[in-house]
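Enquirer: Below: sequence and its predicted model.
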Amino acid sequence: MTTRREFVQALPAVGTAFAVAGHLVLDDSPANAQTQPQAPTPLKGHFHPKGKAPSKYTLEILKKARGGLPFADTRDFDEQKKGLIAPMKDLKIMADAGHVAWDMERFQFLDKQDDFDSIHPSLLRQSKLNNNYGLYEVIPGIYQVRGFDLSDITFVRGKTGWIVFDPLISAEPVRAAWKLFQQHVGQGLPVSALIYSHTHGDHWGGVRGIVDEADVRSGKIPIIAPIDFMDFTISENVYAGNAMNRRLFYQYGLLLPASPHGYVGQGLGQGVSAGATGLIAPTRYVEKDIEEFEVDGVRMIFQNTPNTEAPREMNTYIPDMKALWMAENVIASLHNIYTLRGAPVRDPLNWSKYIGEALFRFGLDAQVMFASHHWPRWGNERIQEVLRGQRDLYAHMNNQVLHLANQGVTINQIHNVYEVPKGLQNKWFCRGYHGSPEHNSRGVIQRYLGFWDCNPTTLIPLSPGDSAPLYVEMMGGGQKILARGRQLHNEGRYLHAQEIVNKLVQAEPQNQAAKDLLADIFEQLGYQQENPGLRNSYLAAAYELRTGIPQGETASSSGPDVVRAMSTELFLNFLGIRMDSRKAEGMRFTMNLITPDNGEKFIVELENATLTNIKGFQASNPNLTLTINRSDLEQTMMGAKTLEAQLADGTAKVQGDVNILKQLAATFVDFDPRFEIMPGTKARGAKVAKAKDYEAIPRQTIAE
Ligand SMILES: [Zn+2]
């Protein structure tokens, strides 16, 4: 038996081993800058010293796209401008912590030219539309502040104050939005209720910028959300959080400067704000499929739409204003069925059906339709056009992809076969500014059939790094591949070029000439994309191939609200993922965990190099019993107070072999938030910055 004192003394570097939060800040410092002579020559004015101009092939593709798109339809621009009350004058919104939380200055270049030769004309159009920045009237009594974040914030006039829909990602932009709103429209009336339309972080993270938690607790300001909201706010992002965070660097181009050759917006909005995030739990849940009640004197009909754009989401109809809120189920884009940062594939047929239901339940009557991204639609004809188009877009993707799959088209072919029907291609709001037809169609097959194309070669294939040397050998070596790769590149056959040059990079991660050529190929492919997630992914990979993965500090900034929203079971499950089971071979223990303040009990067992937990049970003869209030455990989960400190001051109590905690802590691994994606991009000799232990949700909220 070890005493608590002995345990505390025996703890070497356990430190914050039981912490769960923290976030990642990367700097821009190039870590691996090398110069290699390259053809074609670098472009002056490009943000990267190795960056290239769009090739004549890329120019041709963009020109063709320009000719084939419905530019005569300018209704989006009319709708986007309609109802402007006041533009926002400050192009930057500062965070309380001193940095810039939101920066529209960097997108001003988009409006300086009609066209850019390195931006797909359709994406440019969307990014110009997303440059709206200010306060807008939807109809008298409904107002939106747009362009303050990835999402929009909406204010609906209630009997006593303002009902707020979806308070953005972080508090500072919300505060700025509320200030602008109050200057022109708000009449000094308070917030009277708040609605979270769904579980994604860009729809609740800024809540503390507009309401005081005490007012929520006292019942003065209700917060309304779809059923099971709290269960899904973060659970979607925890288990694979570090991987998702890394992938966001590609999908959201986090390292790319805003530039005609870099980041040009995210399609849903211009980007993700970087202020303080928080979460206040809802006080009223919409439980039934359809539920009607008054919110601050305004009659609202809520339609739950689970497992559509988000695991939990709801549309809202305000019959007395004939106003239909479509949350994020209907926006000015094809949305993600599969999201590139990684998430379970969504159900497009279910999604389509809920849009269809909204159409026939509310859409035949509605006179205005608004949502949490983009701009409203006015007039019933237009509303029906958009609802029907979006309904068909998701249903078609589901049906036609499966139609093709049923004829033998595989996940490795579908993106080259599937096409959105012509009628929908000509509707701007069906184009792929978030989801692309390519990655969504693969997602549909993934959902129904999984990754395997049924060719046994792909059942247990070699890893890319293991198969590549054989290819390189059989192709006659690196020089031949480089020569042929450059030729394909110079002919504009970029997809062919990437096939072989990638093999060389996989086989020879330190071959900078190969990496530079692959970067040039990716860059052209990036310029050619209409979809910002695809563009950013190509350009981000090009950046890392040229420069290496930037090394920066990882900063801790615990998100107490988000940690609080994490159930103890989710936390324990995540510990099982943090454990490197290879370090746990031969270990065995049974532990009881008791959190008296919320009445929860768990058995936690380590056996067979596997950490499991089961809620609601207690072992009769545990090796250790740990008793700690859930509220205190949160301090440890967020890294504010170590478990050893909790034990030392008696906040946590143990009975039994306390050494178990030490052994357990030694099996946990810090996930590096900058793991290598493209071979040979990790800066050699660079110090690996240590992630906060248990970093699960590095930016605290993953927006969508
Ligand atoms: Zn969103």
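Expert: Yes, it's here. Numbering: from 1, shown residues only.

Enquirer: Write out the residues of the chain neighbouring the ion.
Expert: 151, 202, 328 (Cβ under 5 Å from the ion). All C-beta spots, glycine's among them, are computed from the backbone N, C-alpha and C.

Enquirer: repeat that with 6 Å
Expert: 151, 200, 202, 203, 328, 372, 373, 703, 704 (Cβ under 6 Å from the ion).

Enquirer: Correct me if wrong: the last one contacts residue 336.
Expert: Put plainly, it is residue 704. Yes - using Cβ atoms under 8 Å, residue 704 is in contact with residue 336, at 7.2 Å.

Enquirer: okay, the residues of the chain next to the ion in CSV with pLDDT, secondary structure and neighbour count next?
Expert: As requested, the residues of the chain next to the ion are exported to CSV (pLDDT from 0 to 100; DSSP: H, G, I helix; E, B strand; the rest coil; neighbours: other Cβ atoms under 10 Å):
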residue, pLDDT, secondary structure, neighbour count
151, 98, coil, 32
200, 94, coil, 28
202, 94, helix, 28
203, 97, helix, 32
328, 98, coil, 26
372, 98, coil, 28
373, 98, coil, 27
703, 68, coil, 23
704, 70, coil, 24
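
Enquirer: Distance check, the closest residue to residue 489 other than its chain neighbours against the ion.
Expert: Nearest non-adjacent residue to residue 489, counting by Cβ to Cβ, 6 or more residues apart in numbering: residue 497, 4.7 Å away. Using Cβ to the ion, to the nearest Å, residue 497 is found at 36 Å from the ion.

Enquirer: got a pLDDT number for residue 497?
Expert: At residue 497, the model reports a pLDDT of 98.

Enquirer: mind checking which helix or strand it is in?
Expert: helix 494-507 (DSSP states H and E).

Enquirer: Output the next helix or strand after that helix as PDB, restricted to C-alpha atoms.
Expert: Downstream of helix 494-507, the first helix or strand assigned by DSSP H and E is helix 512-527. Extracted C-alpha coordinates of helix 512-527, given in PDB (Å, rounded to 0.1, in the frame of the first residue of the first chain):
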ATOM      1  CA  GLN A 512      13.500  18.000 -52.700                       C
ATOM      2  CA  ALA A 513      13.400  18.200 -56.500                       C
ATOM      3  CA  ALA A 514      10.600  15.600 -56.500                       C
ATOM      4  CA  LYS A 515       8.800  17.400 -53.700                       C
ATOM      5  CA  ASP A 516       9.100  20.700 -55.600                       C
ATOM      6  CA  LEU A 517       7.700  19.200 -58.800                       C
ATOM      7  CA  LEU A 518       4.800  17.600 -56.900                       C
ATOM      8  CA  ALA A 519       4.200  21.000 -55.300                       C
ATOM      9  CA  ASP A 520       4.000  22.600 -58.700                       C
ATOM     10  CA  ILE A 521       1.600  19.900 -59.900                       C
ATOM     11  CA  PHE A 522      -0.600  20.400 -56.800                       C
ATOM     12  CA  GLU A 523      -0.500  24.100 -57.200                       C
ATOM     13  CA  GLN A 524      -2.000  24.000 -60.700                       C
ATOM     14  CA  LEU A 525      -4.600  21.500 -59.500                       C
ATOM     15  CA  GLY A 526      -5.400  23.800 -56.600                       C
ATOM     16  CA  TYR A 527      -5.900  26.800 -58.900                       C
END
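
Enquirer: what is the rounded mean pLDDT of the helix or strand just after helix 512-527?
Expert: Downstream of helix 512-527, the next assigned helix or strand under DSSP H and E is helix 532-547. Average pLDDT, helix 532-547: 97.

Enquirer: What is the neighbour count of the spatially closest residue to residue 427 that is not a sequence neighbour?
Expert: Once flanking residues are discounted, residue 427 sits nearest to residue 389: 5.0 Å by Cβ to Cβ, 6+ apart. Per other Cβ atoms under 10 Å, the neighbour tally for residue 389 reads 18.

Enquirer: go on, residue 523?
Expert: Counted with other Cβ under 10 Å, residue 523 comes out at 30.

Enquirer: same deal with residue 566?
Expert: Neighbour count of residue 566, defined by other Cβ under 10 Å: 24.

Enquirer: what about it, distance to residue 633?
Expert: Noted for residue 566: a distance of 10 Å to residue 633, by Cβ to Cβ, to the nearest Å.

Enquirer: quick one: contacts for the residue in the stretch 301-450 of the chain that the ion sits nearest to?
Expert: For the stretch 301-450 of the chain, the residue closest to the ion is residue 328, as judged by Cβ to the ion, at 4.8 Å. For residue 328, the contact set (Cβ atoms under 8 Å, 6 or more residues apart in numbering) comprises 197, 198, 200, 203, 309, 310, 313, 335, 371, 372, 373, 704.

Enquirer: Just give the closest residue to the third one, not the sequence neighbours.
Expert: To tie it back to what came earlier, the one meant is residue 200. residue 704 (4.3 Å).

Enquirer: got the contact list for the one you found?
Expert: 200, 201, 202, 268, 309, 310, 328, 336, 339, 343.

Enquirer: try 7 Å
Expert: By Cβ atoms under 7 Å, 6 or more residues apart in numbering, the contact set of residue 704 is 200, 202, 339.

Enquirer: So what's the gap between the top helix by length along the chain and the chain middle?
Expert: Longest helix of the chain, by residue count under DSSP state H: helix 380-405. Chain-centre distance of helix 380-405: 24 Å, with Cα atoms, centre = their mean, to the nearest Å.

Enquirer: and it, what other elements does it pack with?
Expert: Here helix 380-405 touches helix 348-358, helix 414-417, helix 422-425, helix 437-449, going by 3 or more Cβ pairs under 7 Å, 6 or more residues apart in numbering; DSSP states H and E.

Enquirer: redo that, cut-off 6 Å
Expert: helix 348-358, helix 437-449 (3 or more Cβ pairs under 6 Å, 6 or more residues apart in numbering; DSSP states H and E).

Enquirer: what lines up beside the helix or strand following the shortest one in the sheet?
Expert: What that stands for is helix 348-358. Once the chain leaves helix 348-358, the next helix or strand it forms, by DSSP H and E, is strand 368-370. Sheet pairing of strand 368-370 (DSSP bridges) gives strand 323-325 (parallel), strand 377-378 (antiparallel).

Enquirer: and the last one, what's its mean pLDDT?
Expert: Here the mean pLDDT over strand 377-378 is 98, rounded to a whole number.

Enquirer: what's next to it, contact-wise?
Expert: If you take Cβ atoms under 6 Å, 6 or more residues apart in numbering as the criterion, strand 377-378 is touched by 368, 369, 383, 386.
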